[in-house]
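Colleague: I would like the atomic coordinates for the input below:
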Amino acid sequence: MKFFANGARSLRYGFSALLMAAAMLASTGAFAQQGPANSLPDADKQAIKNYNLNDDVFNRLLAATKEAKAEGIHPQSAPNPAQIHNLDDLTQQAMKADNRIEPLVKKYGFTPREFMLANLALMNAAIASQAKTDPEAAKYVDQNKVNQANVAFYESHQAQLNALMSPPQGQ
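Modeller: Alright, predicted model coming up:
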């Protein structure tokens, strides 16, 4: 879908991008119930929606992303949806994608599950933010199921994300 590519543009190059494909599979319910997203238990969807982004989490995500870029950790393909039954499955798949991920996540004070929650909350906020001005994206977003505080947080930090996630000069 075009809007996902545009909405996630600022997230596609860094460490967060490693998990963003997974985020597409683990919608919080704010988006249309289609495909594997509706297979997550309601408790997991609620945990993602209720995860609150803040400056501490954001700064640790940025630091982990910068280090991952420096270490050459690249975005992975989305996990097999048939193997994703809950947030723990999703987290496990993401951590197994590269054996350097879990130690890096822990270095920045995240559990693997919290790291996944933070990334999913950020991605959902990015998509919900884009849906405000993109009629195509708006078709897929139920604003009643969106964490508006995370959307506001994302919008206030969008310039930092764009700078971090842009490809290096010359690429």
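Colleague: gap between residue 122 and residue 99?
Modeller: 24 Å (C-beta to C-beta, to the nearest Å). In this view, the C-beta of every residue, glycine as well, is placed from N, C-alpha and C.
Colleague: How far off centre is the lengthiest helix in the chain?
Modeller: Counting residues, the longest helix found in the chain (DSSP state H) is helix 112-131. Mean-position distance between helix 112-131 and its chain equals 4 Å (C-alpha atoms, centre = their mean, to the nearest Å).
Colleague: Ok, stretch 118-136 next?
Modeller: Counting by C-alpha atoms, centre = their mean, stretch 118-136 comes out at 10 Å from the chain centroid.
Colleague: Send me the longest helix of the chain as PDB with only the CA atoms.
Modeller: Taking C-alpha atoms only, helix 112-131 is exported to PDB below (Å, rounded to 0.1, in the frame of the first residue of the first chain):
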ATOM      1  CA  PRO A 112      13.200  -7.600  23.700                       C
ATOM      2  CA  ARG A 113       9.500  -7.300  24.200                       C
ATOM      3  CA  GLU A 114       9.700  -3.600  25.300                       C
ATOM      4  CA  PHE A 115      11.800  -2.800  22.300                       C
ATOM      5  CA  MET A 116       9.200  -4.400  20.100                       C
ATOM      6  CA  LEU A 117       6.400  -2.500  21.900                       C
ATOM      7  CA  ALA A 118       8.300   0.800  21.500                       C
ATOM      8  CA  ASN A 119       8.900   0.300  17.800                       C
ATOM      9  CA  LEU A 120       5.300  -0.800  17.200                       C
ATOM     10  CA  ALA A 121       4.000   2.200  19.100                       C
ATOM     11  CA  LEU A 122       6.300   4.500  17.000                       C
ATOM     12  CA  MET A 123       5.300   2.900  13.700                       C
ATOM     13  CA  ASN A 124       1.600   3.100  14.600                       C
ATOM     14  CA  ALA A 125       2.000   6.700  15.500                       C
ATOM     15  CA  ALA A 126       3.700   7.400  12.200                       C
ATOM     16  CA  ILE A 127       1.000   5.800  10.200                       C
ATOM     17  CA  ALA A 128      -1.800   7.500  12.200                       C
ATOM     18  CA  SER A 129       0.000  10.800  11.800                       C
ATOM     19  CA  GLN A 130       0.100  10.400   8.000                       C
ATOM     20  CA  ALA A 131      -3.500   9.400   8.000                       C
END
